[in-house]
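Visitor: One predicted model, sequence on top.
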Amino acid sequence: MYKFGFIGIGNMGYSIIKGLMKSNSNEDFSFYDISSARAELIESELGIAPSKSMEELVSNSKYVFLAVKPQIYRVVMDSIKSYIKPDHVVITIAPGFDMETVKMYLGSSTRVIRSMPNTPALVGEGMSVITFSDDEYSDSEVKEIKSIFLSFGEMEIIDESQMNAVVPISGSSPAYVYMFIEAMADAGVSMGLPRNLAYKLASQSVLGSAKMVLETESHPGELKDAVCSPGGTTIEAVTVLEERGFRSAVIEAMKAAYSKTQKLG
Ligand SMILES: NC(=O)C1=CN([C@@H]2O[C@H](COP(=O)(O)OP(=O)(O)OC[C@H]3O[C@@H](n4cnc5c(N)ncnc54)[C@H](O)[C@@H]3O)[C@@H](O)[C@H]2O)C=CC1
Ligand SMILES: O=C(O)[C@@H]1CCC=N1
């Protein structure tokens, strides 16, 4: 019996497994990925045995991660529904799929954890939010489920009604942060800095700034003010960012991601 069974190991499944492998052994995992090239790569790189079929995987795993794209969820749930037993816990990671829909496909008594992780799980700095279905979980299962997500970063338990709103802020946001880092590095390169140095300066500054917010618990505006010397350089950059609608671009972008999340389920 495997502890963790993954249906699909792409970007997100891989990040979660890499995080989980730090506190579990290879024998605790199996997976099924429709792409044989992907399956071979995962087997050779991570030393995890693939299962022959989704059905075999589900039958032999306690925690079943549905780590395929939202568009494939329905077909996958249809294929596995008759193999789900009361002891299983199905973990969803797709945006927009609510418990009601998942239970409609897998059976109303299926125990479901709806989650939204993010790819920094790969380096143990993930941010996940989870919701437990309204079913029976033993104390040790609750502890184990929390520890799964805590093994690759931070975790918050939230109400399902907030799930769609977290997608843009923690699920998708690494993409915009990488765009910001890339843009800052491009600017550095245009001013003559070597590319690698520019990436390091931009990334470490993002990491350090995030840590400042988390560890000092100061208002981000206060931290920004502390960087802006009167008549100095930073306020010139801040002025241009305001002129170009930086904040409203971020807010509007996140509203677009939210709206798409609502449509996916
Ligand atoms: N990539 C990200 O940053 C995040 C992704 N998610 C969610 O995670 C899920 C997976 O996303 P990614 O890993 O980015 O996608 P991906 O496309 O990188 O990986 C999906 C994997 O599923 C496999 N697959 C496709 N059809 C299959 C089937 N019928 N049976 C078994 N395997 C199949 C593919 O070969 C691929 O390896 C999605 O629902 C996505 O919304 C959630 C949070 C963050
Ligand atoms: O783009 C997506 O749909 C997924 C969900 C959050 C991050 N990636």
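Guide: Looks like it arrived, so ask away. This is a predicted model, so every value here is computed, not measured. Ligands and ions are numbered 1, 2, ... in the order given.
Visitor: interface residues of the stretch 1-150 of the chain facing ligand 1?
Guide: Neighbours of ligand 1 within the stretch 1-150 of the chain, by CB under 6 Å from any ligand atom: 7-13, 32-35, 38, 67-70, 72, 76, 93-95, 116-119. Every residue, glycine included, has its C-beta placed from N, CA and C.
Visitor: all helices of the stretch 51-200 of the chain, in order?
Guide: Along the stretch 51-200 of the chain, counting by DSSP state H, counting those that start in this stretch, helices occupy 54-59, 70-80, 99-106, 139-150, 163-166, 173-190, 195-216.
Visitor: deepest of these, which one?
Guide: Mean neighbour counts were taken over those using mean count of other CB atoms under 10 Å, and the top value, a mean of 20, falls to helix 163-166.
Visitor: other SSEs contacting that one?
Guide: strand 112-116, strand 126-132, helix 246-264 (3 or more CB pairs under 8 Å, 6 or more residues apart in numbering; DSSP states H and E).
Visitor: wait, which of those is closest to residue 186?
Guide: Of all the helices and strands packed on helix 163-166, helix 246-264 sits nearest to residue 186, with 16.0 Å by CB to CB.
Visitor: List the buried residues for the closest one?
Guide: Of the residues in helix 246-264, 253-254, 257-258, 260-261 count as buried by neighbour count, 16 or more other CB atoms under 10 Å.
Visitor: wait, does that helix contact ligand 1?
Guide: No: figure legend: helix 246-264 not in contact with ligand 1 (CB under 6 Å from any ligand atom); closest approach 8.0 Å.
Visitor: OK, contacts around the one residue in the chain that gets nearest to ligand 2?
Guide: Nearest residue of the chain to ligand 2, counting by CB to the nearest ligand atom: residue 171, 3.2 Å away. Taking CB atoms under 8 Å, 6 or more residues apart in numbering as the contact definition, residue 171 lies against 95, 116-118.
Visitor: Can you tell me how far it is from ligand 1?
Guide: As judged by CB to the nearest ligand atom, to the nearest Å, residue 171 and ligand 1 stand 4 Å apart.
Visitor: Over to residue 211?
Guide: In this view, residue 211 and ligand 1 are 22 Å apart by CB to the nearest ligand atom.
Visitor: That residue and residue 145, how far apart?
Guide: Look at residue 211 and residue 145: by CB to CB, to the nearest Å, they are 27 Å apart.
Visitor: go on, residue 64?
Guide: According to CB to CB, residue 64 and residue 145 sit 13 Å apart.
Visitor: again with residue 236
Guide: Using CB to CB, residue 236 is found at 49 Å from residue 145.
Visitor: Quick check on the closest residue to ligand 1 within the stretch 51-200 of the chain: phi, psi?
Guide: Nearest residue of the stretch 51-200 of the chain to ligand 1 (CB to the nearest ligand atom) works out as residue 94 at 3.4 Å. Phi and psi for residue 94, reported as degrees, to the nearest 10, are phi -90, psi 140.
Visitor: Test my guess that it contacts residue 65.
Guide: No: Residue 94 sits out of contact with residue 65 when judged by CB atoms under 8 Å, with a separation of 10.7 Å.
Visitor: Those two - which one has more neighbours?
Guide: Counted by other CB atoms under 10 Å, residue 94 and residue 65 do not tie: residue 65 has more neighbours, with 28 against 23.
Visitor: before we move on, back to that, please enumerate the shared neighbours of residue 64 and residue 145.
Guide: residue 89.
Visitor: domain assignment for this structure?
Guide: Following automatic domain parsing, one gets these domains for the chain: 2-159, 171-264.
Visitor: residue contacts, the spatially most central residue of the chain?
Guide: Nearest to the geometric centre of the chain sits residue 118, at 1.8 Å (CA atoms, centre = their mean). Going by CB under 8 Å, 6+ apart, residue 118 touches 126-128, 170-171, 173-174.
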